[in-house]
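Novice: Here's a sequence, model it:
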Amino acid sequence: MGKILVADRIAQEGIDLLHAQLPETEIDVRTGLKPEQLQEIIGNYTALIVRSETQVTGNILAAARQLKIVGRAGVGVDNIDIDAATRQGVMVVNSPTGNIVAAAEHTIAMLMALARHIPAANSSIKSGKWEKSRFLGIEVRNKVLGIIGLGKVGTEVARRAQGLEMQVIAFDPYVAPEQARKLGVTMLSMEDVLQQADFVTLHTSLTSGPNGTRGLIGSHELSLMKPGARLINCARGGLIDEEALLNFLNEHRVAGAALDVFSQEPVRDDTVLKQLLAHERVIATPHLGASTEEAQVGVATDVAEQIVSVLRGGFPRAAVNAPLILPETLKILQPYMHLVEQMGRLYTQLQPGPLSKIEFSCSGEIAGYDLRPLQAALIKGLLESISDAHVNMINAQLLAKQWGLEIIEQKSPMPAEFANLVTMRVLNANGYTSSFAGKPGSGDEHVEVLSGTVMHGEPRVVQVGRYWTELIPEGYILFCRNPDQPGMIGRVGTVLGKANVNIRHMDVGPSSRMPHYREAHRSTDTALMIISVDEPIPDWALEEIGAAGDIFGLTLVKL
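Specialist: Numbers count the residues shown, from 1 in each chain. Next up is the predicted model:
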């Protein structure tokens, strides 16, 4: 299981869960590490847990030689270099639901504090003053709340605002109008929301690029707001151009702002942001949106459970940089994922050499599922032995592209020889299966096709090249070909007995079931002998088995 590093403070319940579920695993809680300190030690850990304080940069990930997963105890992952993690094959997970209510409640608290000048009035009375007329507020009833981003948190804010008898309008390009109508929310353009709202609250993620949300609220957007409007940001720092907001506040073109998140955290002394926080019409809190006892327990245990799942070979429920697999789907696909991964490993040992194009086909009920997890597992099996990168579900497609490997997917709901069958077929540059390089029985046949299925929950390889067989793809396995005639099995078994190598399973696969093929090659037909053994076979024994010349193509693989 390796070691787990907890680099930021999380609820003790999350750490207790790790200890209970992974009793053999060492768990180090080391908070407040400087970047160079984290980079120096991260190579010793298989899992890392952070909140928003620790920056998981590309340099840190490059030094994380054993790292399998980074868990963010919270929603945002902007402090983690997702692209670098993907390249390294490091899974990133978060807790997208653990602090929804906490963030929504904090937004409403900030809205009310802004409307009634609560922080300034509290400071005034504690200093011995009685300035009742100075802190004239406004009611929120019948006011218009504009929500930018009607996701999980935005939706919860809308529900609470409706309880305060506010009219709720929203902008979110990804939310269908019908869904908004069910919530009692009117969807408008962003410009209309800014122009009509008395309070504007932001609930979108922070993204960069031409269509990103960084600087979403700048001078132009602020100019669209009512002079008496107020702005709230409990989402992500960087969504607001803070210098522009400061200017609009100084010019009394925005009535006030409530901020919980900032472009710099913690805030430095020599910045515009420092001036913004000192403004009399700005109220601020130090990123407290998720800081409730309940939310901290929720996100800590959520991330801990996902780390336990990954370290035990399972899949998390909230992977940021991996295909989403529902638990019920994963339960069905997992044995097939193991099967195709082993098929990939088997192929690279039976037929080492460059790969450019593979047709991956599924028939039967399994074809009705999203096959991306199976493709990733196949790529992992094919590239693991030839790539120095750790190949997994996260970076499989990226590494395949780098290696020039193209996967062509084929699906058929109609069952073939088995109720469910998965097949990998190596294609040449023209897109056709390469012909066998040698004549049947010559010993230099190429394996171009592998097929497998799952029987009673156990993976089985049922076709190797032109031979049909039944093979459990685990452990040491000897492959050899011989004339399809009596006495061959006994000769191999005798030599293995002399070498004190125990045979766990033996299977002899006939060549293709196609009648025309068997008729054409009746005189030279061969069988494929597959022998599973408990330990490696000595070289002298392999040489003795092949000495007579009629047992050939001996290949010992380890899966």
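Novice: which residues sit in contact with the closest residue in space to Leu259 that isn't next to it in sequence?
Specialist: Leaving aside its chain neighbours, Leu259 sits nearest to Ala284 (4.8 Å; criterion: CB to CB, 6 or more residues apart in numbering). All C-beta atoms are positioned from the backbone trio N, CA, C, and that covers glycine. If a contact means CB atoms under 8 Å, 6 or more residues apart in numbering, then Ala284 has 258-260, 277 as its contacts.
Novice: who wins for neighbours among the residues you listed?
Specialist: The residue in the contacts of Ala284 with the most neighbours, by other CB atoms under 10 Å, is Ala258 (26 neighbours).
Novice: where's that one, which helix or strand?
Specialist: In the assignment (DSSP states H and E), Ala258 maps to strand 256-259.
Novice: For that strand, C-alpha coordinates in CSV please.
Specialist: Listed in CSV are the C-alpha atoms of strand 256-259, where the atom choice follows Å, rounded to 0.1, in the frame of the first residue of the first chain:
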residue,chain,number,x,y,z
GLY,A,256,-20.5,46.9,-1.8
ALA,A,257,-18.7,43.6,-2.1
ALA,A,258,-18.5,40.5,0.1
LEU,A,259,-15.4,38.3,-0.6
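Novice: quick one: average pLDDT of the next helix or strand along the chain from it?
Specialist: Taking DSSP H and E as the definition, the helix or strand that follows strand 256-259 towards the C-terminus is helix 272-278. The average pLDDT for helix 272-278 rounds to 90.
Novice: For helix 272-278, what is the distance to the chain centroid?
Specialist: Taking CA atoms, centre = their mean, to the nearest Å, one finds helix 272-278 lying 38 Å from the centre of the chain it belongs to.
Novice: Over to stretch 98-115?
Specialist: Taking CA atoms, centre = their mean, one finds the center of stretch 98-115 at 30 Å from the center of the full chain.
Novice: Check which residues of that stretch are buried.
Specialist: Of the residues in stretch 98-115, those with enough neighbours to count as buried (16 or more other CB atoms under 10 Å) are 98-111, 113-115.
Novice: and what of stretch 76-95?
Specialist: Under the neighbour-count rule (16+ other CB under 10 Å), stretch 76-95 has 76-82, 84-95 buried.
Novice: Can you get me the start-to-end distance on that stretch?
Specialist: 9 Å (CA to CA, to the nearest Å).
Novice: Please, where are all the strands along the stretch 51-200 of the chain?
Specialist: With DSSP state E, counting those that start in this stretch as the definition, the stretch 51-200 of the chain shows strands at residue ranges 69-72, 91-93, 144-148, 167-171, 186-187, 199-202.
Novice: The last one - contacts with which helices or strands?
Specialist: Judged by 3 or more CB pairs under 8 Å, 6 or more residues apart in numbering; DSSP states H and E, strand 199-202 is in contact with helix 100-116, strand 144-148, strand 230-233.
Novice: of these, which approaches Tyr347 most closely?
Specialist: Go through these one by one with CB to CB and the one that ends up closest to Tyr347 is helix 100-116, at 45.8 Å.
Novice: Now do that closest one against strand 144-148: the angle between them, please.
Specialist: 140 degrees (axes from the mean of the first three to the mean of the last three CA atoms, to 10 degrees).
Novice: what is the mean pLDDT for helix 100-116?
Specialist: The predicted model gives helix 100-116 an average pLDDT of 96.
Novice: distance between that helix and the chain's centre?
Specialist: The answer for helix 100-116 is 32 Å, by CA atoms, centre = their mean.
Novice: One more: stretch 406-415?
Specialist: Stretch 406-415 has its C-alpha centroid displaced from the chain centroid by 24 Å (CA atoms, centre = their mean).
Novice: Also stretch 184-193?
Specialist: 33 Å.
Novice: how long is that stretch from one end to the other?
Specialist: First-to-last distance for stretch 184-193 - CA to CA - comes to 15 Å.
Novice: Not counting its own residues, what contacts that stretch?
Specialist: Counting by CB under 8 Å, 6+ apart, stretch 184-193 makes contact with 146-148, 150, 158, 162, 167-172, 175, 177, 180, 196, 200, 221, 224, all of which sit outside it.
Novice: Go through that stretch and flag the buried ones.
Specialist: For stretch 184-193, the buried set under the neighbour-count rule, 16+ other CB under 10 Å, comprises 185-188, 190, 193.
Novice: quick one on the thing from earlier: just so I know, which of the helices and strands packed on strand 199-202 lies nearest Glu544?
Specialist: Using CB to CB as the measure, helix 100-116 is the one of these that comes nearest Glu544, at 68.4 Å.
Novice: for the closest one, packing partners?
Specialist: Identification of packing neighbours for helix 100-116 by 3+ CB pairs under 8 Å, 6+ apart yields helix 152-163, strand 199-202, strand 230-233, strand 256-259, strand 282-284, helix 293-311.
Novice: And stretch 183-193, how far out from the chain middle?
Specialist: Using CA atoms, centre = their mean, we find the averaged C-alpha position of stretch 183-193 to lie 32 Å away from the chain's own average C-alpha position.
Novice: Just the buried residues of the contacts of stretch 184-193.
Specialist: Under a neighbour-count criterion of 16+ other CB under 10 Å, the subset of those counted as buried comprises 146-148, 150, 158, 167-172, 175, 180, 196, 200, 221, 224.
Novice: Work out for me the element the residue lying closest to Ile82 once chain neighbours are set aside sits within.
Specialist: Taking CB to CB, 6+ apart, and ignoring the residues beside it in sequence, Ile82 has Asn321 as its nearest neighbour in space, at 5.4 Å. Take DSSP H and E as the rule and Asn321 turns out to sit in neither a helix nor a strand.
Novice: Please report how far Asn321 lies from Gln88.
Specialist: 10 Å (CB to CB, to the nearest Å).
Novice: and if you look at Ile148?
Specialist: Between Ile148 and Gln88 the distance, using CB to CB, works out to 34 Å.
Novice: How about Val501?
Specialist: Summarising the geometry, the distance separating Val501 from Gln88, computed by CB to CB, is 40 Å.
Novice: how much space between Pro119 and Val282?
Specialist: Spatial separation of Pro119 from Val282 under the definition CB to CB is 9 Å.
Novice: now do Gly553
Specialist: When distance is defined by CB to CB, Gly553 is 78 Å away from Val282.
Novice: likewise Ala197?
Specialist: When CB to CB is the yardstick, Ala197 and Val282 sit 18 Å from each other.
Novice: backbone phi and psi for the residue nearest to Ile82, please?
Specialist: phi -120, psi 40 (degrees, to the nearest 10).
Novice: I'd like to know how many residues surround it.
Specialist: Other residues near Asn321 come to 19 when the count uses other CB under 10 Å.
Novice: tell me, what residue is most central in this structure?
Specialist: Ala322 (2.8 Å; CA atoms, centre = their mean).
Novice: In contact with it: list those residues for me.
Specialist: When contacts are counted by CB under 8 Å, 6+ apart, Ala322 touches 91, 315-316, 393-394.
Novice: Repeat that for Val310.
Specialist: 47, 68-69, 91, 93, 316.
Novice: mind checking how far the nearest residue to Lys558 once chain neighbours are set aside is from Asn395?
Specialist: Taking CB to CB, 6+ apart as the measure, Lys558 lies nearest to Tyr476, with 5.5 Å between them; neighbours along the chain are not counted. Counting by CB to CB, the gap from Tyr476 to Asn395 is 29 Å.
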